[in-house]
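K.L.:
sequence plus predicted model, see below.
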Amino acid sequence: GGIITQTPKFLIGQEGQKLTLKCQQNFNHDTMYWYRQDSGKGLRLIYYSITENDLQKGDLSEGYDASREKKSSFSLTVTSAQKNEMAVFLCASSPHRENTGQLYFGEGSKLTVL
Amino acid sequence: QQKVQQSPESLSVPEGGMASLNCTSSDRNFQYFWWYRQHSGEGPKALMSIFSDGDKKEGRFTAHLNKASLHVSLHIRDSQPSDSALYFCAASGNNAGAKLTFGGGTRLTVRP
């Protein structure tokens, strides 16, 4: 089996700060995703990438940048953190060519903005 | 309006009871449906998929899909305290695998 590793697990930043979250997967999956989850609620798609150097915007891309440096890694940058923002950012991967619809998630990175 | 809507928002059932969760989509492009489960402090994990009309049973879990009404449900029989979690319905279009859209979730509590 494989694993998705997200770093850092907890991130505390200041208002206006640029903050970066990193994600690594060893499944050898083609597609990777970043979702945002607010306080035990639903997941909203920020960015996804179907292959190295590909980027696709999700429904919540404004205020974020992403980078797929290589097949195994996908990073997300909050370009200007908003005060009182608190959310969990979830990275996921899926074997795109198999098109099963099954995503494998990491444990999440929790962001707090002071 | 959310494209995938779940009800109820929260549900409490006694141990050994039946839990029923509902999901409705407003987008007729959605053809593939998944149920995900998230325990506290963890990422969501895929529970089961359903792509065809009718029932699909996996152990204590049964999913039901009605494509005409875009309604999918999940029934958990003999509920266990370990089933207590946040359950998400997710849907995707004709290219299953890319861009899953998630509902808002149902929080299930199973009382010992």
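P.N.:
Received, thanks. Numbers count the residues shown, from 1 in each chain, chains lettered A, B, ... in the order given.

K.L.:
and residue A:18, how many residues sit next to it?
P.N.:
Using other Cβ atoms under 10 Å in any protein chain shown, the number of residues around residue A:18 comes to 11. Every C-beta, even on glycine, is put in place using the N, C-alpha and C of the backbone.

K.L.:
how close does it sit to chain B?
P.N.:
25 Å (Cβ to the nearest Cβ, to the nearest Å).

K.L.:
I figured that residue hits residue A:64, correct?
P.N.:
No - if you go by Cβ atoms under 8 Å, residue A:18 and residue A:64 don't touch, sitting 10.7 Å apart.

K.L.:
give me the common contacts of these two.
P.N.:
Shared contacts of residue A:18 and residue A:64 (Cβ atoms under 8 Å, 6 or more residues apart in numbering or on different chains): A:77-79.

K.L.:
who's in contact with residue A:95?
P.N.:
Contacts of residue A:95 (Cβ under 8 Å, 6+ apart): A:27, A:29-31, B:97.

K.L.:
cool, residue A:8 as well?
P.N.:
A:21, A:109.

K.L.:
who in chain A is up against chain B?
P.N.:
Applying Cβ under 8 Å from any Cβ of the partner chain, one finds that chain A approaches chain B through A:4, A:31, A:35, A:40-45, A:48, A:50, A:56, A:58, A:90, A:92, A:94-96, A:98-108.

K.L.:
report the buried members of these.
P.N.:
Neighbour counting by 16 or more other Cβ atoms under 10 Å in any protein chain shown classes A:4, A:31, A:35, A:41-45, A:48, A:50, A:58, A:90, A:92, A:94-96, A:99, A:101-108 among the residues of chain A next to chain B as buried.

K.L.:
tell me which of those fall in strands.
P.N.:
A:4, A:31, A:35, A:43-45, A:48, A:90, A:92, A:94, A:104-105 (DSSP state E).

K.L.:
what about the residue most central in space within chain A, distance to chain B?
P.N.:
The centre of chain A sits closest to residue A:34, judged by Cα atoms, centre = their mean, with a distance of 2.8 Å. Note on residue A:34: its distance to chain B, by Cβ to the nearest Cβ, is 12 Å.

K.L.:
mind putting the contacts of residue A:95 into TSV with distance to residue B:17 and pLDDT?
P.N.:
Shown next, in TSV, are these (distance: Cβ to Cβ, whole Å; pLDDT from 0 to 100):
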residue	distance to residue B:17	pLDDT
A:27	36	93
A:29	37	91
A:30	41	89
A:31	38	90
B:97	34	49
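
K.L.:
which among these gets closest to residue B:40?
P.N.:
When those are ranked by distance to residue B:40 (Cβ to Cβ), residue A:27 comes first, at 24.3 Å.
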